[in-house]
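Mind looking at a prediction? Sequence and model below.
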Amino acid sequence: MESVVIPVSTKMLFHNRLRFAMTVVGIAIAFFLAAAQIGLLVGWVNTNSAIIKHANVDLWVMAKETRTLDYGTAIPRHRIQQVSSVEGVKWAEGMLVGWVNWQHPEGKRITVEVIGLDESNAGGPWAMGSGSVESVHLPETVVVDELSKEALGTLVVGDEAEMEGKRVIVGGFSQGVRTFTAAPFVFTSLENAIEYIPYYRDDEISYVLARIESNTDLIAVRDRIAAEVLDVEVLTTDKFAERSVKYWMLETGVGITVIITAVLGLLVGAVIMSQTLFAITQDHIANYATLLALGFHHKTLRQIVLAQSLSLGGLGIIVGLVLFVLACKASERSPIPLETTPLISLGLIVFSLLCCIGASWFSIRAIFKLDPVMVFHG
């Protein structure tokens, strides 16, 4: 009797083609909503930690209790030499992070986040659209991202503007350096940054970035720096990226809102599917009673309902995935793009299918209450 499961379930689904199509569309939209919210969260996490992860360093040395890259606290510049002298450290450089006002050519003032780079530009742009990142070491020269061109009023290399009342020259445009805080990143040298950020002294920086010798234990070097350099905290790149993400996600509550919205999207899909399956079951309740009267087991009927659930859910998920891929392409140049990973996508699909199976429970319960005798009643 199991051989009739697919034909019977398919015939019931296509009995009302309009309702079938609308259900698939509803599930697709619900899946897309959840995928988009999760994709927004992943994109947000990647945006928040991009500079940290792209710096290509092993360790970050900072003031104690620094919560995120964006809010660094001043430490003495000679910490660079102290870190460099620690056994196992191959190289160390400084970075300065601060917030200042950028004067738009039209007169409005825009808050920007200045990143001061040391000689090797660690923590600077990892992709350039035009110009060169090395240009930041020229006097009064900065690099901004292509996404911030219009916001800052700088359209071509060589354009001039003002930052904290002092002249700046655009030496290049980076690509893909987004900001979660809505304040565009402006990259320049440490020496230039000191001139623009009034609350830092000439002998202060925000971070020391270090690379370790090959075949050296990272944790051991981290602990040595923490022991030999006073009044600092030392984190690996992964730990600092994680702390920065947790700060924005948990302490500000933004990430929790996105996660809740994603879960609600999946639940909406489950409710839509549950109601549709139940309606289909009720429409064909006499058919189910007839099958029982003919000797079909409840197990077979349960398989029919599950097949319908997985068919609706599977088609809805496929359509939703197509919509999500298109949305990812469309958001590539947005401030926070939709992004995902194979593992996250697989988890979302599995969770959605489990919701489909759970949604079929109401229909299965109705079938279990059937009495085959009802088929002989008018």
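Arrived safely.

Bridged to Gln103, which residues?
Here Gln103 sits in beta bridges with Arg109, Glu162, as judged by DSSP bridges.

For it, the count of nearby residues, please.
Counted with other Cβ atoms under 10 Å, residues neighbouring Gln103 total 19. Every C-beta, even on glycine, is put in place using the N, C-alpha and C of the backbone.

All further residue positions should be reported with the first residue as 130.
Okay, using 130 as the starting number, the last item reads as Gln232.

residues touching it, list them.
Counting by Cβ atoms under 8 Å, 6 or more residues apart in numbering, Gln232 makes contact with 238-239, 290-292, 294.

of all these, which comes closest to Cys485?
The closest of the contacts of Gln232 to Cys485 turns out to be Ile239 (Cβ to Cβ; 47.8 Å).

Determine the longest helix present in the chain.
helix 146-183 (DSSP state H).

Buried residues of that one, list them for me.
Neighbour-count burial for helix 146-183, counted by 16 or more other Cβ atoms under 10 Å, picks out 149, 152-153, 155-181, 183.

on that earlier part again, quick check: the farthest pair among the contacts of Gln232?
Ile239 and Gly294 (13.9 Å).

So which of those two has more stuff around it?
The neighbour count for Ile239 versus Gly294, taken as other Cβ under 10 Å, is higher for Ile239 (18 against 10).

residue contacts, that one?
Neighbouring residues of Ile239 by Cβ under 8 Å, 6+ apart: 230-233, 280-281, 312-313.

quick one: secondary structure of Ala312?
Under the three-state scheme (DSSP: H, G, I helix; E, B strand; the rest coil), Ala312 adopts coil.

so it sits right up against Glu242, yeah?
Yes: between Ala312 and Glu242 there is a contact under Cβ atoms under 8 Å: 4.8 Å.

what do the two both touch?
Common contact partners of Ala312 and Glu242 (Cβ under 8 Å, 6+ apart): Trp228.

quick revisit: following the longest helix of the chain, which helix or strand comes up?
strand 188-191 (DSSP states H and E).

Whatever helix or strand comes next after that next one: partners in the sheet, and parallel or antiparallel?
Where DSSP H and E defines the elements, the next helix or strand beyond strand 188-191 is strand 204-205. Applying DSSP bridges, strand 204-205 is found paired with strand 333-334 (antiparallel).

Which elements pack onto the helix or strand immediately after the partner strand in the chain?
For strand 333-334, the following helix or strand on the C-terminal side (DSSP H and E) is strand 336-341. Secondary-structure packing of strand 336-341 (3 or more Cβ pairs under 8 Å, 6 or more residues apart in numbering; DSSP states H and E): strand 188-191, helix 208-213, strand 218-232, helix 347-357.

thinking again about what came up before, tell me the one among the contacts of Gln232 nearest to Gly476.
Distances from Gly476 to the contacts of Gln232, taken by Cβ to Cβ, are shortest for Ile239, at 39.2 Å.

so how far is Trp231 from that closest one?
Taking Cβ to Cβ, to the nearest Å as the measure, Ile239 falls 5 Å from Trp231.

With Ser489 instead?
To Trp231, Ser489 is 57 Å away according to Cβ to Cβ.

repeat for Lys458
Note on Lys458: its distance to Trp231, by Cβ to Cβ, is 31 Å.

circling back to that earlier point, ok, and which of the helices and strands packed on strand 336-341 has the densest surroundings?
Mean neighbour count (mean count of other Cβ atoms under 10 Å) peaks for strand 188-191 among those, with a mean of 25.

now for that strand, which elements pack on it?
If contacts are counted by 3+ Cβ pairs under 8 Å, 6+ apart, strand 188-191 sits against strand 336-341, helix 347-357, strand 362-365, helix 366-375.

TSV for those, including mean pLDDT?
Formatted as TSV, those follow (pLDDT from 0 to 100):
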stretch	mean pLDDT
strand 336-341	96
helix 347-357	95
strand 362-365	96
helix 366-375	92
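
out of these, which comes closest to Ile465?
Taking Cβ to Cβ, helix 366-375 is the member of the helices and strands packed on strand 188-191 nearest to Ile465, at 13.3 Å.

what helices or strands is that closest one leaning on?
Here helix 366-375 touches helix 146-183, strand 188-191, going by 3+ Cβ pairs under 8 Å, 6+ apart.

Could you point out which residue ranges in the stretch 330-479 of the chain have low pLDDT?
Scanning the stretch 330-479 of the chain for pLDDT under 70 picks out the ranges 383-384, 387, 391, 394-395, 398-399, 402-403, 405-407, 409-411, 413, 416.

ok, now the stretch 130-279 of the chain?
Counting by pLDDT under 70, the stretch 130-279 of the chain contains low-confidence residues at 130-132.

Tell me which two of the contacts of Ile239 sit farthest apart.
The largest separation in the contacts of Ile239, counting by Cβ to Cβ, is between Gln232 and Ala312 at 14.5 Å.

residues contacting Tyr329?
By Cβ under 8 Å, 6+ apart, the contact list for Tyr329 reads 203, 225, 227, 322-323.

Swap in 6 Å and give it another go.
Tyr329 makes contact with 203, 323, according to Cβ atoms under 6 Å, 6 or more residues apart in numbering.

any idea how far it is from Leu169?
34 Å.

and Glu242, which of the three is it?
strand.

correct me, but it touches Phe314?
Yes: using Cβ atoms under 6 Å, Glu242 is in contact with Phe314, at 5.4 Å.

Give me the more crowded residue out of these two.
Neighbour count, other Cβ under 10 Å: between Glu242 and Phe314, Phe314 has more, with 25 against 19.

Look up how far Gly442 lies from the more buried one.
Separation of Phe314 from Gly442 (Cβ to Cβ) stands at 42 Å.

and the closest residue to Leu430 other than its chain neighbours, how many neighbours?
Leaving aside its sequence neighbours, Leu430 sits nearest to Ile496 (Cβ to Cβ, 6 or more residues apart in numbering; 5.0 Å). The tally of other residues near Ile496 (other Cβ under 10 Å) stands at 19.
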